[in-house]
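S.K.: sharing a sequence plus its predicted fold:
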Amino acid sequence: MKSAKELSAKVERLSLLSGLVVGLGLFAANHALAAEYYVATTGSDSNPGTQASPFATLSKGASTAGPGDTVYIRGGTYNPTGGFTFSKSGTSDTNRIKYWAYSGEKPVFDFSKASGHPNGFTVSGSWLHFKGIEICNLSEDTNAINAVVISEASNDIMELMNLHNNQGSGIFISHGTGGHLLLNCDSHDNYDPTSSQGDGQNSDGFGVHYQAAGDGTSTTIRGCRAWWNSDDGYHY
């Protein structure tokens with residue numbers, strides 16, 4: 001007959017094993033929930049968004065993906081007729097929504113055919129991560145038009161972005177925001193010829209504007225380069 005001490009040790013081992021199994025189950029469940037979607041110039045928004053049958057538009061990817069998911073953007077030139085809005089949020093640093101260039105490929109969003117003078121990417125979602133995307137050829141009327149505008153959001157990452165030849169700023173971070181990271185991005189050759197404030201007065205490489213008390217921690221700009229912008233390279 002087992003002693004009380006032996007029974008207690010056995011119960012403790014079973015409890016530890018049960019906890020490990022439950023933990024592994026939760027880990028697997030969390031990872032099973034994360035999905036990958038694909039966007040390609042040859043795709044269709046009626047496709048399921050798999051690598052073999054990708055979406056055609058980034059808008060479809062953004063409306064489909066949720067926290068923890070990744071939207072991979074295949075290389076090639078996209079010619080959107082309007083801007084993109086990213087309002088859906090991730091939930092934490094380890095559960096972001098990611099919009100990444102597919103490995104080894106370069107997706108270019110050329111807005112030269114867009115109508116109505118939209119901003120390129122308008123971001124109001126938090127805990128997002130954009131990586132390896134090129135945005136160019138946005139045009140203005142009397143207001144500078146920016147490649148990326150982040151407003152009323154927090155803790156977003158912009159990494160390895162190439163923002164150029166736009167009639168506004170490369171990245172414009174505005175009201176109610178904080179905790180963003182701009183990492184190894186390039187912003188260059190941006191120039192706003194017809195802005196109401198004067199020729200070339202509103203095209204920063206990277207601009208952090210209109211922040212107020214309570215907007216959160218500062219934006220960090222690390223490893224980024226700015227050149228040949230008509231206003232400031234960095235406006236903080």
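M.R.: Okay, I see it.
S.K.: okay, now the unreliable bits of this protein?
M.R.: Along the chain, segments meeting pLDDT under 70 span 1-32, 211-217.
S.K.: give me that answer again for 80
M.R.: Applying pLDDT under 80 to the chain flags the ranges 1-33, 176-177, 197, 210-217, 236.
S.K.: quick one: secondary structure of the residue nearest to the spatial centre of it?
M.R.: Centroid-nearest residue in the chain: Phe130, 3.0 Å away (criterion: Cα atoms, centre = their mean). Under DSSP: H, G, I helix; E, B strand; the rest coil, Phe130 falls in the strand class.
S.K.: doesn't Ile157 make contact with it?
M.R.: Yes - with contact defined as Cβ atoms under 8 Å, Phe130 reaches Ile157; the gap is 7.0 Å. Bear in mind the C-beta positions are built from the backbone N, C-alpha and C, glycine included.
S.K.: and the protein, what are its domains?
M.R.: Using automatic domain parsing, the domain ranges for the chain come out as 1-33, 35-235.
S.K.: most tightly packed of those domains?
M.R.: domain 35-235 (a mean of 19; mean count of other Cβ atoms under 10 Å).
S.K.: end to end, how far does it reach?
M.R.: Domain 35-235 has an end-to-end distance of 37 Å (Cα to Cα, to the nearest Å).
S.K.: ditto for stretch 90-109
M.R.: One end of stretch 90-109 to the other measures 23 Å (Cα to Cα).
S.K.: and the contacts of it?
M.R.: The contact list for stretch 90-109 (Cβ atoms under 8 Å, 6 or more residues apart in numbering) reads 38-39, 58, 61-62, 65-78, 80, 86, 88-89, 120, 125-136, 155, 157, 160.
S.K.: contacts only, for the closest residue in space to Asp69 that isn't next to it in sequence.
M.R.: Of all residues not flanking Asp69 in the chain, Ala35 sits nearest, at 4.7 Å (Cβ to Cβ, 6 or more residues apart in numbering). Contacts for Ala35 (Cβ under 8 Å, 6+ apart) come out as Ala65, Gly66, Gly68, Asp69, Thr70.
S.K.: from the contacts of stretch 90-109, which land in helices?
M.R.: If you go by DSSP state H, the contacts of stretch 90-109 have Leu58, Gly61, Ala62 in helices.
S.K.: nice, that's everything, thank you.
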